[in-house]
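In: Following is a predicted model, sequence given first.
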Amino acid sequence: MAIIRPARYGDQTTTEMRDGKVTKKFTQVLDVELEATDPDPISGLEVTQLNNAPRPGFSVYVPRPGLVVPFATCRTVTPAPVQGNRRRWTLTCTFEKNGNDDEPKPDSSDPNSLLPIVEPFSETGEAVMLEDFDGTKILDPFGDLFDEPMRVPIPIDGVKVTRYVPTYDESTLSNWLETTNKTEWRNQPEDAWCVTAITGQPIQFGNFTIGQINLTIKAHPLELKVSLKGAAPKLHRIGWLGVRAARSTTFLDDDGKRQTNRADGGANPPLATWVDKDGKKSEEPYFQAFRVRRQREFSAIA
């Protein structure tokens, strides 16, 4: 995961009047140091979407770790490569905060009270097992799926997150509900986490109206070797994906023609067989996974 930290130089603060009100503008320069796990080469757009990179319209100004400027909302993020080093970039970010300096300050004197609150929890869920915890496929002696899926209780870890945003917009709720993590989050891989519930409301913070968002996010532990988007099968978290066994009564022969699978050929009834990603007969079980939920960058949550 890339390391993003405030640069030693480059931060600026300016003030201007707009419609009789003061607007403070903050400019922050961040150093980005890519690691071996990050894409190479990488585009500027990809750099702006890295974990912990400020998000326009969502992130607030954090001059240094532990210091937050409430209501100074990110407006723009501009990436630039560091000359002579393909693994280093800078992000120039602008933030704006509206309001007269002589207005009463918010009641809370602790800006850290606006940082996200994360509360872990665990619960028991139910899942269809296609492979046991020893890595054995759950198949009958003939290599077929059982007619009745094996449903078992499994432990589910989760977090309840309360975070505050400069403005409250109800569309935020549906934009996050039933989404999974696009990249690693809280030491769990892609698609491990899902936002299963979300509520929100406008609240008063001193003389400001801000948004409070409450999210319930659960991590599904089950893994299986599956094919996503036609790629070669690999181990992936499957709890929030749609998984189907690639079994069919037809298959493609060596000439690419579709044939009906029958015992000993002839007029025997068609039999289901495993097929691989190319539609050819396979001796090995093959599972396809489908991303039935949208992905989001969960680094924007906490």
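Out: Good, I have the coordinates.

In: what are the ranges of the strands in the stretch 101-250 of the chain?
Out: Ranges of strands within the stretch 101-250 of the chain are 117-129, 150-165, 179-181, 193-205, 208-219, 223-228, 234-237, 242-245, 247-248, 250-252, based on DSSP state E, counting those that start in this stretch.

In: So which of those strands is nearest Leu67?
Out: strand 150-165 (16.0 Å; C-beta to C-beta). Every residue, glycine included, has its C-beta placed from N, CA and C.

In: any idea how far the closest one is from the chain center?
Out: 14 Å (C-alpha atoms, centre = their mean, to the nearest Å).

In: which helices and strands sit right next to it?
Out: With contacts taken as 3 or more C-beta pairs under 8 Å, 6 or more residues apart in numbering; DSSP states H and E, strand 150-165 sits against strand 117-129, strand 208-219.

In: rewinding a little: make TSV from the strands of the stretch 101-250 of the chain and add mean neighbour count to it.
Out: Below are the strands of the stretch 101-250 of the chain laid out as TSV (neighbours: other C-beta atoms under 10 Å):
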stretch	mean neighbour count
strand 117-129	12
strand 150-165	15
strand 179-181	23
strand 193-205	16
strand 208-219	18
strand 223-228	19
strand 234-237	16
strand 242-245	14
strand 247-248	16
strand 250-252	16
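
In: Lowest average pLDDT across the ones you listed?
Out: Least confidently modelled of the strands of the stretch 101-250 of the chain is strand 247-248, at a mean of 84 by mean pLDDT.

In: Adjacent strands (with direction) for that strand?
Out: Next to strand 247-248 in the sheet, as set by DSSP bridges, lie strand 273-274 (antiparallel).

In: what residues does the strand it pairs with touch?
Out: 143, 245-249, 251, 261, 281-286 (C-beta atoms under 8 Å, 6 or more residues apart in numbering).

In: returning to what we had before: make TSV from the helices and strands packed on strand 150-165 and add distance to Asn98 to it.
Out: Compiled in TSV, these are given as follows (distance: least, C-beta to C-beta, whole Å):
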stretch	distance to Asn98
strand 117-129	26
strand 208-219	10
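
In: helices and strands around the helix or strand bottoming out on mean pLDDT in the chain, which ones?
Out: Ranked by mean pLDDT, DSSP states H and E, the weakest helix or strand in the chain is strand 12-18, scoring a mean of 80. Under the contact criterion of 3+ C-beta pairs under 8 Å, 6+ apart, strand 12-18 touches strand 21-33.

In: Which members of the contacts of strand 273-274 are the farthest-apart pair?
Out: Thr249 and Glu284, at 18.3 Å, using C-beta to C-beta across the contacts of strand 273-274.

In: re earlier: would you mind checking the contacts of strand 273-274 for buried ones?
Out: Ala245, Ala246, Arg247, Ser248, Phe251, Asn261, Ser282, Pro285, Tyr286 (16 or more other C-beta atoms under 10 Å).

In: Report the beta-bridge partners for the first one.
Out: Same thing as Ala245. Phe287.

In: how about the helices in the stretch 1-150 of the chain?
Out: Taking DSSP state H, counting those that start in this stretch as the criterion, the stretch 1-150 of the chain contains helices spanning 44-48.
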